[in-house]
Every structure is written in C-alpha cells, then in structure tokens.
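Student: coords please:
(chains A, B, C and D)
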Number of protein chains: 2
Amino acid sequence: MKSRSDDLYFLLSVVDSGGFSAAAEQLEVSVTRVSRAITRLEQSLNTTLLNRTTRKVSLTEEGRLFVEKVRGGLAALEEAEELLAIRKQKPAGRLRVDAANPFLLHQIVPHVRDFREAYPDIELELTASDRIVDLLERRIDVAIRIGPLEDSSLHARPIARSPLSVVASPDYLKRRGNCDSPDALRDHDIIGFTAPEALNFWYIGQGVRVRPSIRASSGEAIRQLCLSGNGLAYLSRFMIGADIEQGNLVELLSDHLVSPNPRELVNAVYYRNTTLSARIQVFLDFFETRWNFL
Amino acid sequence: MKSRSDDLYFLLSVVDSGGFSAAAEQLEVSVTRVSRAITRLEQSLNTTLLNRTTRKVSLTEEGRLFVEKVRGGLAALEEAEELLAIRKQKPAGRLRVDAANPFLLHQIVPHVRDFREAYPDIELELTASDRIVDLLERRIDVAIRIGPLEDSSLHARPIARSPLSVVASPDYLKRRGNCDSPDALRDHDIIGFTAPEALNFWYIGQGVRVRPSIRASSGEAIRQLCLSGNGLAYLSRFMIGADIEQGNLVELLSDHLVSPNPRELVNAVYYRNTTLSARIQVFLDFFETRWNFL
DNA sequence: AAATACTTTTGCGATTTTTGAAATGAAAAG
DNA sequence: CTTTTCATTTCAAAAATCGCAAAAGTATTT
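Tutor: Next comes the predicted model:
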C-alpha cells in the first residue's frame, strides 16, 4: 500500500549485488540512501528483510518470499513504461497480419477502427488463411494461430487463450434433452470437422474422440450449423462468446472441460527471434487487451 | 524506472472513479494532491495519460495500455506485502499434505527441512496416494495433483506447471539410434503405463497414442526402466529434471512437444472456497518458489 | 450570449522529507 | 592490537510535497 517502488528497487539491487555499498555503487547513489531505503521499507512492512552480518547481507526467509514476488511486480511496471516508449516512436509503415478466417472476423475486424485511430501511420493489411502458409513468401509480418503449431522453424509467442466449449442451441436442447455427462454425448448429434480428424478429439474428462453425425470443413460453418439446431459442437470461445452471451447458444458440460489443452492457445507467429518491430509490438499489445474471451 | 507507486495508485483511482474530485474523495485526500500526482506522472513519462474534458476524464490510448499493465504490477506488489502479513501470524498447527508419490519424493521431501525451519510451529504430515482419495475423510488439508482433475466438487488452484518430456537414456540411444520425428517412434521401444490407458497418449505433434512394449504402473517405475535403458518414456519434468541435468537422461523430440496440455498442470486441491488457512497459504507460497522445473 | 455549476490547475507560504558528508559503531582481517 | 570494510546515525541544508484559496476552463442552463 505505501511502499515506494524506489525503495523496492534499492532492495533488489542490494540482494543482487550482495551488499549495501555494492548496491550504492551499482545505482550510483550514496550508501546513506540505500541504507535508509531498506530501513524505511522494513519499518513500513514491520519486518526484517535482510540479515546483516557485517561482511555480507543475506535474505531472511520472509525477505526471500517478498523479493520473489516483488521482482514480478516491478517487471510488470517497467513493461508498462516501456510500452509507452515504444508507442512514442510513432510506429509507421505496412503491417501484414494473417489469421484464420473466424478469428479475423470475430476478434480483429471489430477493433481495427480503433486501431487505425490509435496508430494512423500503420497501414494494416489483413489476410485470412486457414493453415500456416508460407509467411515469408507472402510477406506476412505476423500471423495469429490457434492451437498447436506445426512448423517450429518460425518463432511464436503465446498471447492469449481461448478455451473451447461444448455448445448447442436452446431449441435443439429443448427437442433432444440436456447433456449432463460425457457419456451422454452418445445420445446426441455431433457437429464435427471433416478434417483433420484430430479436431474431433474433445478435451472432456479423460478426452473423447467424438463420432460426428454431421461434418463441416470450417469452424464458421460448424457454428452456423450449431446455431440452427443441428447438434452439439466443440468450438473456441473466441467465435461463440457473443452467441453465448446473447443466449443463442448454451454451454454444456462446463464442469468436465479440461484446461489447459493444446488447442486453446492463441499464438502470434513470426520469423525473427530478435526484438520485434515496433509495428508488431504495438499491434499485439493493442489487441491483447481487447480480446476478452475469458 | 522513476514512476512512484503512490502516483500510480492515484492514477488508478482516477480511472476507476472517473474523475479527479471523485478520486480525491475516495482516497480521502485533497484534490490538489490528485491533480499533482497525475501531472507528475505524466511529466515523468512524458506522455498524456488522461484526456481531460471538463465533465469527465477519459483515458488516452496510451493511458489505456499503461493502466492495464500497471494494474497487474501493483497487484503483484500488494501480494508481496500480503505474504508478509500472513507470515506474521506465525501460522501453527497440523498441516496434512497429500501428493502423488513421485511428486512427494522429488519436489516436497527435499525442501521440508527448510520449510520446517521457516515455520517451526507447523506440524507437517505428508501422505502419498496416487489417486484422489477421500480428502475429507482422511482429513487432508491440501493435495497436490498433477494433470486433469476428476472430482470437481473440490476446489482447485493451479500453482505450477510441469511440462512432459520424451526421454531416453544415453546408452539406449547409442544402441538404438536417435529419434528425430514423431513417426520415428515406431522404431523404438516405448515404456508406458499399464493403466489408465489415457496416460499412453502423448502430446506430440497432433497427439500420438503410443503402443508400449513395456508397461509399468507407476511413474517412478517407468523412470527407473528408462534410466536403465529400456526405451523411451514420456514423463513429467518434475521427476526427471535432475536426471536430465545430470545427463542420465536425454530429451527427445522437444521441438514437437505440445504445450500447454492437460497433464502438465500442477494443482493444489482443497475443500473450502473461502480464504485459505494461513497454514495452507504459506505452504503453497513457500513451495511455489522452490519448484523449479522450468 | 451570458450566467451558472462543476472541475481541474496553479501560486505560494508553511511543513515535511530527503540528502550527502562526515562521524560513529561494529565486525572481520591482517 | 591495529587496520580495513561496511552499515548506521547525526545534522544542517536542500528539495519536495501539501493545502488553501484563487484562477482558469468548459459544458449546461438561463
């Protein structure tokens, strides 16, 4: 509540450098300041953080726990500042973004107006392709992919997660009855994928390989089929979140859903291990805060 | 680097309450202070965070991004303080912890000496049981479980993740050759579980159901079999981390491992949705920082 | 258009904190 | 026993923060 972040930085420096004077030198401040920062901190927390034996300082057990958590917190704060620094560079230029069609429609398109307003100098080019295509050849800067990545020659960074849910339309459920347990799936119509077959593996309980009575080749098609009461589907939250909120689809078996699972991860894929271009950076930061599928 | 946490709290309050005066009232300080805090912050960051139109304040786009990150950071810092507060209560009494045998051996037992030293008033009782047993009847306070949870009547909290790796002993590999691709698994001896069969599903590529040529009923047995060169095994990092470091086991197919997956999550299970007892809290905090399997 | 009703910002003296240099104290090293 | 190496404390100067009251805006109302 009251601890000044400056003092926390001092603490970290002391811990890392192993002494007050060393920390002072490292931070280019007087030893007095360091000493006082720690004292202030300890008093404010009413705890002894550092065990001072004249030659060395060592962390008390509470200090250890405290420092551990503090590190993460300060890192986040610094990231926040860094964000602004990047943004100040007024990123500009062309940015080619690729995503699977449903993701593009449901989670990117609705926000591009705001994005363009925030970064008017970035020319956004959106493309849709279901599989990972040749990013390099098509000059794509960043691709959003859902689920496990196949090509590991590219670099990827997880940026969000979109759990999968079993859903059905209310009228279907009225006709066919509810579905309370994984075993009850047998009594229902399942809308599945034509290919790859791995998509018809649902992460429920121990994992179930379903036998679809209807198949479609795209998630969007499955969603439509489900909305019009053709059966149960297992889809990513990002494309049915709105449907659920509006009551057009009902979640089933939520107690038996297994999370995390390989298909719920949303990754940003790009080449270059090195630092991302400001364009890509701001794009990801911008959208990360808007993707609000749980 | 220089932003003060106090000012950040002011910022948050302004954002949440929707105005300077409202924030001032909420924080029980003068409006002047709030205004100055924001000004100071903005100058220090050299950025306009708040868009003041007389009737209301709204976040600028940079402000939005900034606040978002800051929230997380401050939350972590507060957690750190809270930790100390809990610890100050000198938690005492009996704490019954249950875990699967290998986890108990590899990740708990090695640290109990330190734990006892840190919390001398807690009487630790450790039990091992492979499946979730009747926690209530056996009076277990907290159980550590790896992988998906079956009984959802209990409350669980993910506390760590322990990825799974495909491993083999160096001498086995010398004899039988390397294993570069998921397909190459066919040419190798697999050490699998006798039951449940679901454990012989490996999260590699699209997911592979392996056909073990040797089976054992416990992870520890599988580990031993693997160490003595009987074939490939797919085990949690927490039980083979040391083996890998010491070179007694070699990781295979790491490029094809799929993460996250349902079996890598380490959960703390307990009844009570309400606030955890100090005992359980400190136990989890203490060990979380020591479990260092990636 | 002018007046009104809110808000935020600013000027300024008083008050509280913070700072560095040097003094002090304390434990290890020679 | 003396020297060295740190950390803490003292003290006066310097800096920052604070609150009051006045000022400066900007929607809404008259």
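Student: find the closest residue to DNA strand C in the stretch 151-294 of chain A.
Tutor: residue A:289 (23.7 Å; Cβ to the nearest atom of the strand). The way it works is simple: take the backbone N, C-alpha and C, and place the C-beta from them, glycine included.
Student: wait, doesn't that residue sit right on residue B:67?
Tutor: No - in this structure, residue A:289 is not within contact of residue B:67 by Cβ atoms under 8 Å, at 9.6 Å.
Student: between those two, who's got more neighbours?
Tutor: Neighbours per residue (other Cβ atoms under 10 Å in any protein chain shown) separate residue A:289 from residue B:67, with residue B:67 holding more: 20 against 14.
Student: quick check, the more buried one in a helix?
Tutor: Yes - per DSSP: H, G, I helix; E, B strand; the rest coil, residue B:67 lies within a helix segment.
Student: now do it against residue A:122, distance only.
Tutor: 22 Å (Cβ to Cβ, to the nearest Å).
Student: please report phi then psi for the residue of the stretch 51-200 of chain A found nearest DNA strand C.
Tutor: Nearest residue of the stretch 51-200 of chain A to DNA strand C: residue A:54, at 3.5 Å (Cβ to the nearest atom of the strand). Main-chain dihedrals, residue A:54, degrees, to the nearest 10: phi -50, psi -40.
Student: now swap in the one 3 residues further on and tell me
Tutor: Here is the backbone geometry of residue A:57 (degrees, to the nearest 10): phi -110, psi 140.
Student: surely it and residue A:49 touch.
Tutor: No - the criterion here is Cβ under 8 Å, and residue A:57 misses it with residue A:49 at 9.5 Å.
Student: helices of chain A, start to end?
Tutor: A:5-17, A:20-27, A:31-45, A:61-88, A:101-103, A:109-118, A:170-176, A:219-227, A:237-245, A:278-288 (DSSP state H).
Student: and these as JSON lines, adding distance to residue B:33 and mean pLDDT?
Tutor: Output for the helices of chain A, formatted as JSON lines (distance: least, Cβ to Cβ, whole Å; pLDDT from 0 to 100):
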{"stretch": "helix A:5-17", "distance to residue B:33": "18", "mean pLDDT": "94"}
{"stretch": "helix A:20-27", "distance to residue B:33": "28", "mean pLDDT": "92"}
{"stretch": "helix A:31-45", "distance to residue B:33": "19", "mean pLDDT": "92"}
{"stretch": "helix A:61-88", "distance to residue B:33": "21", "mean pLDDT": "91"}
{"stretch": "helix A:101-103", "distance to residue B:33": "45", "mean pLDDT": "92"}
{"stretch": "helix A:109-118", "distance to residue B:33": "31", "mean pLDDT": "92"}
{"stretch": "helix A:170-176", "distance to residue B:33": "53", "mean pLDDT": "96"}
{"stretch": "helix A:219-227", "distance to residue B:33": "52", "mean pLDDT": "96"}
{"stretch": "helix A:237-245", "distance to residue B:33": "40", "mean pLDDT": "95"}
{"stretch": "helix A:278-288", "distance to residue B:33": "31", "mean pLDDT": "90"}
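Student: identify whichever of the ones you listed lies nearest to residue A:252.
Tutor: Each of those was scored for nearness to residue A:252 using Cβ to Cβ, and the closest is helix A:170-176 (8.1 Å).
Student: show me what counts as buried in the closest one.
Tutor: A:172-173 (16 or more other Cβ atoms under 10 Å in any protein chain shown).
Student: ok, now stretch A:46-60?
Tutor: So stretch A:46-60, judged by 16+ other Cβ under 10 Å, has buried residues A:47, A:49-50, A:57, A:59.
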